[in-house]
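1. would you be able to build a 3D model of this:
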Amino acid sequence: MTVNFLGAVFVRVTDLEQSLSFYSDVLGLQLRNIEDCGRIANYVISETSPLLTLIKTETLQVQEYPTFNLNCTNVLELHEKLINQGKKVGHINNWSSEMNVHIDFDVYDPDGNAINLIEWSKKTD
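-> Numbers count the residues shown, from 1 in each chain. Down below sits the predicted model:
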């Protein structure tokens, strides 16, 4: 077996309609489709990235930490915008790895799932 790429990331939600509004209107993601069963929604981030798939479930176990992040631009402006909209957000982190400089924070969907929003740039010496 050879793994070719990551196909999708699955997020469990209790209210699909409320979550559609958050992921579409707040995060600005492009809804690809809602599957015929009416409990699964797929978002396209780019042609080469995995799908982000919301799955309606009756019970939910929210993770303490994000299970994925979304690479963004203007993260500091986005943080301020989400605060002004009354959304629950975490604090801003500024950190560096060997190769990159990072700025990130978490935002929480209506079910309390943490989503990490991150911006990074190549480190210059």
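2. wait, a strand at Ser19?
-> No: in this structure, Ser19 is helix, not part of a strand, as judged by DSSP: H, G, I helix; E, B strand; the rest coil.
3. look at it and report its pLDDT.
-> According to the per-residue confidence, Ser19 scores 97 in pLDDT.
4. excluding sequence neighbours, find me the nearest residue to it.
-> Counting by C-beta to C-beta, 6 or more residues apart in numbering, Ser19 lies nearest to Val13, which is 4.1 Å off, once chain neighbours are set aside. Placement of C-beta: from N, CA and C, glycine included.
5. go on, Ile92?
-> Nearest residue to Ile92 in three dimensions, chain neighbours excluded: Phe105, at 5.0 Å (C-beta to C-beta, 6+ apart).
6. report the beta-bridge partners for Thr53.
-> Here Thr53 sits in beta bridges with Phe10, Asn42, going by DSSP bridges.
7. tell me how far it lies from Tyr108.
-> For Thr53, the distance to Tyr108 equals 19 Å [C-beta to C-beta, to the nearest Å].
8. Lys56 contacts Thr14, doesn't it?
-> Yes: taking contacts as C-beta atoms under 8 Å, Lys56 lies within contact range of Thr14: 7.2 Å.
9. all helices of this protein, in order?
-> With DSSP state H, the ranges of helices along the chain come out as 16-21, 75-84.
10. which elements pack onto the last one?
-> On a contact count with 3 or more C-beta pairs under 8 Å, 6 or more residues apart in numbering; DSSP states H and E, helix 75-84 meets strand 100-108, strand 114-122.
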